[in-house]
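# sequence unknown, structure follows:
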């Protein structure tokens, strides 16, 4: 039996995790990004820094979100099948 492995693409994973959010969680995420932006205008130029700031400052605070639950599900399913996520 041959297993075909798709290359890991972090952007695809972010999209998958984002699709798993409820509407309320999406609103919360938007509010947190807005807060992380501070006085900076949110634009294509500033968004990478805002996303990094948000992820660095809040990652440890959101252990109950859909993002973490889906990430754990993907990891456990991959481990079950002997596949690296």
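Ah, there it is. All figures in this text were calculated on a predicted structure; none of them were measured in a lab.
# in which helix or strand does the closest residue to residue 36 other than its chain neighbours reside?
Once flanking residues are discounted, residue 36 sits nearest to residue 54: 3.8 Å by Cβ to Cβ, 6 or more residues apart in numbering. All C-beta spots, glycine's among them, are computed from the backbone N, C-alpha and C. Residue 54 belongs to helix 47-58 when assigned by DSSP states H and E.
# tell me which helix or strand of the chain sits lowest on mean pLDDT?
helix 66-80 (a mean of 57; mean pLDDT, DSSP states H and E).
# that older thread, and the helix holding residue 54, what's buried?
Buried residues in helix 47-58, counted by 16 or more other Cβ atoms under 10 Å: 50, 53-54.
# and which of those residues is nearest to residue 23?
Distance to residue 23 across the buried residues of helix 47-58 (Cβ to Cβ) is lowest for residue 54, with 19.2 Å.
# my read is that that closest one contacts residue 33, right?
Yes. With contacts counted by Cβ atoms under 8 Å, residue 54 reaches residue 33, the gap being 5.5 Å.
# related to what we said a few turns ago, state the distance from the residue nearest to residue 36 to residue 17.
Distance, residue 54 to residue 17, by Cβ to Cβ, to the nearest Å: 14 Å.
# before we move on, what about residue 32?
Distance from residue 32 to residue 17, by Cβ to Cβ: 15 Å.
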